[in-house]
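Let me see the structure of the following:
(chains A and B)
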Number of protein chains: 2
Amino acid sequence: MNIGIDMMGGDFAPKEAVKGVINYFSTTENASSLFLIGHQEQIQKLFVEHNFQSDKITFIHAEQVIDMHEHPTKALKEKQQSSIAIGFHLLATGKIDAFISAGNTGAMLVGALFSIKAIEGVLRPTISALLPKENGSTGLILDVGLNADCKPEQLNQFAILGTVYAQQIFGIENPRVGLLNVGEEEGKGNLLAQATYPLLKENGHINFIGNIEGRDVLLDKADLIVCEGFTGNIILKMVESLYSISQKNNIQHNYFDRFNFENYGGTPVLGVNKPVIIGHGISQNLAFQNMILLAQKMAEKDVMGKMKQEFMA
Amino acid sequence: MNIGIDMMGGDFAPKEAVKGVINYFSTTENASSLFLIGHQEQIQKLFVEHNFQSDKITFIHAEQVIDMHEHPTKALKEKQQSSIAIGFHLLATGKIDAFISAGNTGAMLVGALFSIKAIEGVLRPTISALLPKENGSTGLILDVGLNADCKPEQLNQFAILGTVYAQQIFGIENPRVGLLNVGEEEGKGNLLAQATYPLLKENGHINFIGNIEGRDVLLDKADLIVCEGFTGNIILKMVESLYSISQKNNIQHNYFDRFNFENYGGTPVLGVNKPVIIGHGISQNLAFQNMILLAQKMAEKDVMGKMKQEFMA
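The predicted model follows:
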């Protein structure tokens, strides 16, 4: 497997990306080949400082960087020598099997949609987040912000994409799919949830278990929860804030430690043809390491290929 | 002030309601007169057991009870001798100044809408919840479930109702109003949030400070947050679940103790003509006591009258 990494993305780039790469090689047997995209001189200097080299590293020089606050479409168009633009070029042409960046989220999404494109039959790709469950397990929630307004059919597709992901990445054979809602019974909810419920119920690709209320989001009722990206994004950011709140208040408990997004690395874009992982802007060492591991697993398990199969007639 | 209490509502009625009443009288100077509605013999027996009596108590016998799972409209129509139906009758005819119940939520909402009605000019009443902020203060979020689908104009009205409530009940002179959203800048969000932002910005009755993201919900950025009832309900129930999660995991910290809904009692229905407070089904002693205190404060401060003024031409 060849994994491409935007070394210039995120608040602590390229320093923390370099550390993450070194940790990945130090802790992973059968490591993949990594294509490190960014300002080559700057990056190589850091590896020299760490006294680290590997024949599994290929440096790909990128003269430009897309900043965190640049307009995604405009930046991608104008900065064709940026690390993100080069990464998507390598991915689209098959030089790499997966692409990771903690840089401009919008540019990553636009790049994914326009260079490697959505799986045929998928209305809109989605981004998901991991939810640390109270009993020690981990759940998935999607969409978490790519699609602020959704149609019922989109939520129905998110359920399929999430099911394949949970099967392949979490190793759950028959993942329980829940619909985020304000009540337990069918017929409850806003117009979207009311119209989505029957679609999920009749969807033969998934194991639908019914509605999931807010009080059950952090409990182990469902393996994956589908919702539109507005509510999903609010939940994701609230959950993330619990980690900083617990740190600030000196609440030492391994449950809240699991709300540390660094443990999870980044969020994959689901419903596109190849693995793309978007990291948090404040990603450090551990987050980069975990993003590489996730990209490797997604490529090895051919998660995207298995999603394609679900959308074939 | 005369406050009516449905003694038969909630999972622990009438026992915990009786305890709450006794605690209220034991701890409150200038206590209001309480009208205790329910099965008189059963309730009086409990007061005798506690060896408690007060000339500020009036017993109102109710032969029937609306169960937690009955259909609201049907139950209110068929059980005119129920404690909830009698309570709304007393409120509508001015015998009591506020009405409290931890019983069937739907019946309480239907009763509020049909017996005492929405304030003129208010499109839809709303229910709010308190948010314990990380810095020790308390915020308000509304709607939390009465209106799962909303129009921008409704959210704009929630902002006015919440502003009056925060001024009168929290004593905040110029409450900061935030719009729940997935990004900070104007123009972000789903179609509802995008259309609501300009209305809030131009609303002369409120102090609009912009968008509030999920990560800021538990921080002290805004005094009140407006959203549609779907997302608000999910947030409310997630926040409530944090208390039980922290209890179950032996996380002892006064921040999470503040997520105990018992501290807050119930949620008032805002936008109707008189104070109506709906308690959690699992309300106990402290919750009843706090609901009585809140009802008294709402009546004394004439919160509903001040809301009416805001909706006058």
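
So for the residue nearest the centre of chain A, what's the nearest residue that isn't a sequence neighbour?
Residue closest to the mean C-alpha point of chain A, counted by Cα atoms, centre = their mean, is A:T267 at 1.6 Å. In this structure, A:T267 finds its nearest non-sequential neighbour in A:I127, 4.9 Å apart by Cβ to Cβ, 6 or more residues apart in numbering or on different chains. All C-beta spots, glycine's among them, are computed from the backbone N, C-alpha and C.

Am I right that the one you found sits in a helix?
No: if the criterion is DSSP: H, G, I helix; E, B strand; the rest coil, then A:I127 is strand and not within a helix.

didn't it look like it was pressed against A:I277?
No: using Cβ atoms under 8 Å, A:I127 makes no contact with A:I277, being 9.9 Å away.

list the residues that contact both of those two?
Taking Cβ atoms under 8 Å, 6 or more residues apart in numbering or on different chains as the criterion, A:I127 and A:I277 both touch A:T267, A:P268, A:V269.

Closest one of these to chain B?
Chain B has its nearest neighbour among the shared contacts of A:I127 and A:I277 in A:T267, at 14.3 Å by Cβ to the nearest Cβ.

Who does the closest one form a beta bridge with?
Under the criterion DSSP bridges, A:T267 forms beta bridges with A:I278.

quick one: pLDDT of it?
In this prediction, A:T267 carries a pLDDT score of 90.

was I right about it contacting A:D143?
No: shown here, A:T267 and A:D143 do not form a contact pair, counting by Cβ under 8 Å, at 10.4 Å.

which residues are common contacts for those two?
Here A:T267 and A:D143 have A:I127, A:S128 as joint contacts, going by Cβ under 8 Å, 6+ apart.

Mind telling me what element the spatially closest residue to A:N203 that is not a sequence neighbour is part of?
Counting by Cβ to Cβ, 6+ apart, A:N156 is the residue found nearest to A:N203 once chain neighbours are left out, at 5.9 Å. Assessed by DSSP states H and E, A:N156 sits inside helix A:152-165.

how near is the residue nearest to the centre of chain A to B:S83?
With the distance defined as Cβ to Cβ, to the nearest Å, A:T267 ends up 50 Å from B:S83.

And for A:P175?
Per Cβ to Cβ, A:P175 is found 45 Å from B:S83.

quick one: which of those two has more around it?
Set A:P175 next to B:S83 and count neighbours by other Cβ atoms under 10 Å in any protein chain shown: B:S83 wins out with 29 against 23.

I'd like the distance between the more buried one and B:K201.
As judged by Cβ to Cβ, B:S83 and B:K201 stand 45 Å apart.

Keeping just the C-alphas, turn the lengthiest helix in chain A into PDB.
If you go by DSSP state H, chain A has its longest helix at helix A:229-248. Taking C-alpha atoms only, helix A:229-248 is exported to PDB below (Å, rounded to 0.1, in the frame of the first residue of the first chain):
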ATOM      1  CA  GLY A 229     -25.000  16.900   9.200                       C
ATOM      2  CA  PHE A 230     -26.300  19.800  11.200                       C
ATOM      3  CA  THR A 231     -27.300  17.900  14.300                       C
ATOM      4  CA  GLY A 232     -24.400  15.500  13.800                       C
ATOM      5  CA  ASN A 233     -21.900  18.300  13.700                       C
ATOM      6  CA  ILE A 234     -23.300  19.800  16.900                       C
ATOM      7  CA  ILE A 235     -23.000  16.400  18.700                       C
ATOM      8  CA  LEU A 236     -19.500  15.800  17.400                       C
ATOM      9  CA  LYS A 237     -18.300  19.200  18.600                       C
ATOM     10  CA  MET A 238     -20.100  18.900  22.000                       C
ATOM     11  CA  VAL A 239     -18.400  15.500  22.500                       C
ATOM     12  CA  GLU A 240     -15.000  16.900  21.700                       C
ATOM     13  CA  SER A 241     -15.600  19.800  24.100                       C
ATOM     14  CA  LEU A 242     -16.200  17.400  26.900                       C
ATOM     15  CA  TYR A 243     -12.600  16.300  26.700                       C
ATOM     16  CA  SER A 244     -11.300  19.900  27.100                       C
ATOM     17  CA  ILE A 245     -13.900  20.600  29.800                       C
ATOM     18  CA  SER A 246     -12.800  17.500  31.800                       C
ATOM     19  CA  GLN A 247      -9.100  18.400  31.300                       C
ATOM     20  CA  LYS A 248      -9.700  22.000  32.500                       C
END
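
Pull out the buried positions in it.
A:229-246 (16 or more other Cβ atoms under 10 Å in any protein chain shown).

Of the residues you listed, which ones also sit close to chain B?
For chain B, the contacts drawn from the buried residues of helix A:229-248 by Cβ under 8 Å from any Cβ of the partner chain are A:229-231, A:233-238, A:240-242, A:245.

residues touching the closest residue to A:P268 other than its chain neighbours, list them.
The shortest distance from A:P268 to any non-neighbouring residue, by Cβ to Cβ, 6+ apart, is to A:I277 (5.1 Å). Contacts for A:I277 (Cβ under 8 Å, 6+ apart) come out as A:98-101, A:265-269, A:291, A:294-295, A:298.

Type out the ChimeraX command that picks the buried ones from those residues.
In ChimeraX, this line selects whichever of these come out buried by 16+ other Cβ under 10 Å:
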select /A:98,99,100,101,265,266,267,268,269,291,294,295,298
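
For chain B, what's its nearest residue on the stretch 1-150 of chain A.
For the stretch 1-150 of chain A, Cβ to the nearest Cβ, closest residue to chain B: A:A148, 3.9 Å.

Could you pull up phi and psi at the residue nearest to that residue when sequence neighbours are not counted?
Using Cβ to Cβ, 6+ apart and skipping residues adjacent in sequence, the residue nearest A:A148 is B:N190, 3.9 Å away. For B:N190, the backbone dihedrals (degrees, to the nearest 10) come out as phi -80, psi 180.

burial count for B:N190?
Around B:N190 there are 21 residues (other Cβ under 10 Å).

Now do the same contact list for it.
A:A148, A:D149, A:E228, A:G229, A:F230, B:V182.

show me the contacts for the first one.
Right, the one you point to is A:A148. With Cβ under 8 Å, 6+ apart, A:A148 has these contacts: A:E228, A:G229, A:F230, A:N233, B:V182, B:G189, B:N190, B:L191, B:A193.

ok, A:A118 to A:V276 distance?
Taking Cβ to Cβ as the criterion, A:A118 is separated from A:V276 by 12 Å.

Comparing those two, which residue is more hemmed in?
Applying other Cβ under 10 Å to A:A118 and A:V276 shows that A:V276 carries more neighbours, namely 31 against 16.

Which stretches in the stretch 101-250 of chain A count as helices?
Here the stretch 101-250 of chain A has its helices, by DSSP state H, counting those that start in this stretch, at A:105-111, A:152-165, A:191-202, A:229-248.
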